[in-house]
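Enquirer: Provide a 3D model corresponding to the input given below.
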Amino acid sequence: LAGGEATKGNVPRLRLSYKDLLATNRSAVFLGHRGILDFRSLYLDEYRDRLFIGGKDTLYSLRLDQTNMDAKEIYWPSLPGQKEECFRKGKDPMTECANYIRVLHPLNRTHLLACGTGAFHPICAFIYVGHRGEHVFSLDPTSIESGRGRCPHEPNRAFASTFVGGDLYTGLTADF
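Expert: Numbering: from 1, shown residues only. Got it, this is the predicted structure:
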């Protein structure tokens, strides 16, 4: 590079501080309905103008044009007994023994696939999000099934997932 110039590939396209973002008056801080978000996954659905957030025992659906005005919430804790079993196995009940939502992918035009750690017993379910223009958000309890091999057991374990052609592909460890 002549004169130490940076290449176009390593220069951010946009740099905006938190203070600058708030000054635009087009942003809102969302901390969840309980005041603590603790999010683990995000899915931006530009077609529906919604942001889906997976956190500790909770899923959120936020409209992009009104983030705080009409946030929908699904409370989805671990199955009965799993939190206690997790604690008995020596895990931290405050930071590990919950259902951290780690996977959020569009399944079809009206549903998302969501998977969580389930207090070290991964679980998955279908989330009804409706059609474009609707702001509905509900978990189908009949769709809950094991998430083993689809979602990590641990809330902080690095992993990757993608949904292609009707199939979920994940890269995760399965050593629990």
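
Enquirer: what sits against residue 108?
Expert: With contact set as Cβ atoms under 8 Å, 6 or more residues apart in numbering, residue 108 has no partners. For the C-beta atoms, the positions are set from N, CA and C on the backbone; glycine is no exception.

Enquirer: model confidence score at it, please.
Expert: Note on residue 108: pLDDT of 92.

Enquirer: next, it: phi, psi?
Expert: According to degrees, to the nearest 10, the main-chain angles of residue 108 amount to phi -150, psi -160.

Enquirer: with adjacent residues omitted, what lies nearest to residue 59?
Expert: Once flanking residues are discounted, residue 59 sits nearest to residue 74: 4.3 Å by Cβ to Cβ, 6 or more residues apart in numbering.

Enquirer: right, and the helix or strand after the worst-scoring helix or strand of the chain on mean pLDDT?
Expert: Lowest mean confidence among the helices and strands of the chain (mean pLDDT, DSSP states H and E): helix 18-23, at a mean of 74. Going down the chain from helix 18-23, the next helix or strand is strand 41-45, by DSSP states H and E.

Enquirer: show me the contacts for the closest residue in space to residue 87 that isn't next to it in sequence.
Expert: Spatial nearest neighbour of residue 87, chain neighbours left out: residue 93 (4.7 Å); criterion: Cβ to Cβ, 6+ apart. Residues in contact with residue 93, defined by Cβ under 8 Å, 6+ apart, are 83, 86-87.
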